[in-house]
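**Q** have a look at this prediction, sequence included:
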Amino acid sequence: MLHKSFIYYGYDKETYLDCKEMIRSYNRKNALIMNGWFLVVNLLYLAFSSFNMFGVSIEQTPFYALYTVLAIAYALVMMFFPKQTETHSTLFVYILMAGMFTYGVFTSIMRPYMPASMYLVMYMLINLLFIGNVVRMIVLAFLSTTIMLISSFALKTFSIAYQDLYNTLMVALLSGGLHYMFQKSRISQFVMYQKDLQIQRELEIKSSFDALTGLLNRGRFFSIAEKALTVKADGEYISLCLLDLDGFKQINDRLGHQMGDKVIQIAGQIITETIDEAGIFKTNRITSTWDLTAPQSLAGRLGGDEFIIFMRGKKTRAQTLSVLQKMLDKMNAVRFDSLEGIHASFGITEMSDGESDMDGAYSRADAALYESKRAGKNRICFFEEMGDKV
């Protein structure tokens, strides 16, 4: 069992790091929210200082103007560079925290006749909004509070500085506890979310792949192939191949269904290995994801002893034929127990540029497969070569 750590809000480091991406996104979102609030506050104070209202003097206008410009610049960077700011969200959070803390300190200095208030607001919001790790948050809070109290005792009367000390200690204790509890709860939500995602991935994988061969099942195969057709490059050579094992019923009747399942497994393995070796099969079976714009082939099991291949990555009919002939030769060379080779018939159709009808292509490949069976089985036929033996 991994060691739980106070530093990572009661979780072990590995669990915390697993949540790092969500923490970054969460921090970035809250940084935008807090910076937006900060910008509004500054605009109000800028207006008050411009008209000498509510005790905010006109001499303070440059100060509020400066922080208004900084807040606008920060917002623009966050909005126009979302990926970069999320990747480096920790840095941008610390920049915002530094700005908030200095703002709180300076506003306290500008009103030496009053206890600090804006600093305490900033302190509380930072603790409630951001996830870092406990040690870093304590260090940053301690440094900023030390600076604020030193300036307070140096520039204010003792009674007001003493009030700042009391208020700061109370807020620090309260916000520190709330920070730990809130962020621990937030990480707990991240962990639960990840578990739900993992369950969804596992269900997707189970629903996408044939349990016996590990190939795509019928529904998932056609779903992905149809999407691939919509994003394929112009002029890309694509073919659809159906293959059916010859004499499979006799194998089941003579050698038993267990041997029949073994034959299907071996056939599926040979299909995968052959198109892997050809460099055109790069499906990520762990996450069940595909880069549909890349020339990646798909292989599936339609049911029983029928298989289907959506072949990409080859440029000519001869190259496609070479891969499929190698596949057939490997099947024919299988020897185990009393089985003397796995025989199969192949039917292939080439898909024209711009074609997006999988049903039409399937019908042509099926017709070519029928011709392969009729011509003597254990052979490869293209749809345009009806009756030709390869």
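**A** Right, received. Where do you want to start? Residues are numbered from 1 along each chain as shown.
**Q** how far away from the center of its chain is stretch 103-115?
**A** 45 Å (Cα atoms, centre = their mean, to the nearest Å).
**Q** list the buried ones in it?
**A** 103-108, 111, 115 (16 or more other Cβ atoms under 10 Å). For glycine as for every other residue, the C-beta is placed from the backbone atoms N, C-alpha and C.
**Q** for stretch 131-138, same thing?
**A** 131-134, 137.
**Q** and stretch 356-370, by the same measure?
**A** For stretch 356-370, the neighbour count (16+ other Cβ under 10 Å) marks 358, 361-362, 364-370 as buried.
**Q** repeat for stretch 376-386
**A** For stretch 376-386, burial by neighbour count (16+ other Cβ under 10 Å) applies to 378-383, 386.
**Q** identify the residues contacting it?
**A** By Cβ atoms under 8 Å, 6 or more residues apart in numbering, the surrounding residues in contact with stretch 376-386 are 246-247, 317, 321, 324-325, 328, 332, 343-350, 364-365, 367-369, 371-372, 375, 387-390.
**Q** and those, which are buried?
**A** With neighbours counted using 16+ other Cβ under 10 Å, the contacts of stretch 376-386 contain these buried positions: 246, 321, 324, 328, 343-350, 364-365, 367-369, 371-372, 375.
**Q** which SSE is residue 102 in?
**A** Assessed by DSSP states H and E, residue 102 sits inside helix 89-110.
**Q** which residues are in contact with that helix?
**A** With contact meaning Cβ under 8 Å, 6+ apart, helix 89-110 is reached by 24-25, 27-28, 31, 34-35, 38, 60, 63, 67, 70, 74, 77-78, 85, 116, 118-123, 125-126, 130, 132, 140, 144, 147-148, 151-152, 155, 164.
**Q** how far is it from where the chain is centred?
**A** Centre-to-centre, helix 89-110 and its host chain are 32 Å apart (Cα atoms, centre = their mean).
**Q** isn't residue 6 up against residue 133?
**A** No - counting by Cβ atoms under 8 Å, residue 6 does not reach residue 133; the two are 9.5 Å apart.
**Q** how far does stretch 77-89 stretch from start to finish?
**A** Start and end residues of stretch 77-89 are separated by 12 Å (Cα to Cα, to the nearest Å).
**Q** tell me where the stretch 251-390 of the chain has helices.
**A** Ranges of helices in the stretch 251-390 of the chain, per DSSP state H, counting those that start in this stretch, are 257-277, 317-332, 358-374.
**Q** compute the inter-axis angle for the longest one and helix 317-332.
**A** What separates the directions of helix 257-277 and helix 317-332 is an angle of 150 degrees, with axes from the mean of the first three to the mean of the last three Cα atoms, to 10 degrees.
**Q** which strands and helices sit next to helix 257-277?
**A** Applying 3 or more Cβ pairs under 8 Å, 6 or more residues apart in numbering; DSSP states H and E, one finds that helix 257-277 contacts strand 238-245, helix 248-255, strand 298-303, strand 306-311, helix 317-332.
**Q** count the neighbours of the closest residue to residue 259 other than its chain neighbours for me.
**A** Spatially, and ignoring its direct neighbours in sequence, residue 259 is nearest to residue 251 (6.3 Å; Cβ to Cβ, 6 or more residues apart in numbering). Other residues lying near residue 251 total 22 when counted by other Cβ atoms under 10 Å.
**Q** which helix runs longest in the chain?
**A** When the chain is parsed with DSSP state H, its longest helix is helix 158-208.
**Q** would you map the helices across the stretch 1-150 of the chain?
**A** Ranges of helices in the stretch 1-150 of the chain, per DSSP H, counting those that start in this stretch, are 13-18, 20-50, 61-80, 82-87, 89-110, 118-129, 134-155.
**Q** in a markdown table, list those helices along with distance to residue 208 and mean pLDDT.
**A** Below are the helices of the stretch 1-150 of the chain laid out as a markdown table (distance: least, Cβ to Cβ, whole Å; pLDDT from 0 to 100):
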| stretch | distance to residue 208 | mean pLDDT |
| --- | --- | --- |
| helix 13-18 | 24 | 86 |
| helix 20-50 | 24 | 89 |
| helix 61-80 | 37 | 91 |
| helix 82-87 | 29 | 88 |
| helix 89-110 | 33 | 89 |
| helix 118-129 | 40 | 88 |
| helix 134-155 | 41 | 89 |
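**Q** export the ones you listed to a markdown table and tack on distance to residue 196?
**A** Putting these into a markdown table (distance: least, Cβ to Cβ, whole Å) gives the following:
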| stretch | distance to residue 196 |
| --- | --- |
| helix 13-18 | 14 |
| helix 20-50 | 12 |
| helix 61-80 | 29 |
| helix 82-87 | 22 |
| helix 89-110 | 23 |
| helix 118-129 | 25 |
| helix 134-155 | 27 |
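**Q** hmm, residue 344 and residue 328 touching each other?
**A** Yes - using Cβ under 8 Å, residue 328 is in contact with residue 344, at 6.3 Å.
**Q** angle of the longest helix of the chain against helix 134-155?
**A** Using the same axes, to 10 degrees, the inter-axis angle of helix 158-208 relative to helix 134-155 is 160 degrees.
**Q** quick one on the thing from earlier: kindly indicate which of the buried residues of stretch 131-138 lies nearest residue 271.
**A** Nearest to residue 271 among the buried residues of stretch 131-138, counting by Cβ to Cβ, is residue 131 at 47.5 Å.
**Q** confidence score at the closest one?
**A** pLDDT, residue 131: 85.
**Q** residue 25: how many residues sit nearby?
**A** 13.
**Q** how about it, nearest residue that isn't a chain neighbour?
**A** Counting by Cβ to Cβ, 6+ apart, residue 25 lies nearest to residue 86, which is 6.0 Å off, once chain neighbours are set aside.
**Q** contacts for stretch 163-179, please.
**A** The contact list for stretch 163-179 (Cβ under 8 Å, 6+ apart) reads 108, 115-116, 119-120, 123-124, 127-128, 137-138, 141, 145, 148-149, 152-153, 156.
**Q** switch to 7 Å and redo it
**A** With Cβ atoms under 7 Å, 6 or more residues apart in numbering as the test, stretch 163-179 has contacts from 115-116, 120, 123-124, 127-128, 137, 141, 145, 148-149, 152.
**Q** which of the residues you listed tops the neighbour count?
**A** Result: residue 116 is most packed of the contacts of stretch 163-179 (other Cβ under 10 Å), 27 neighbours.
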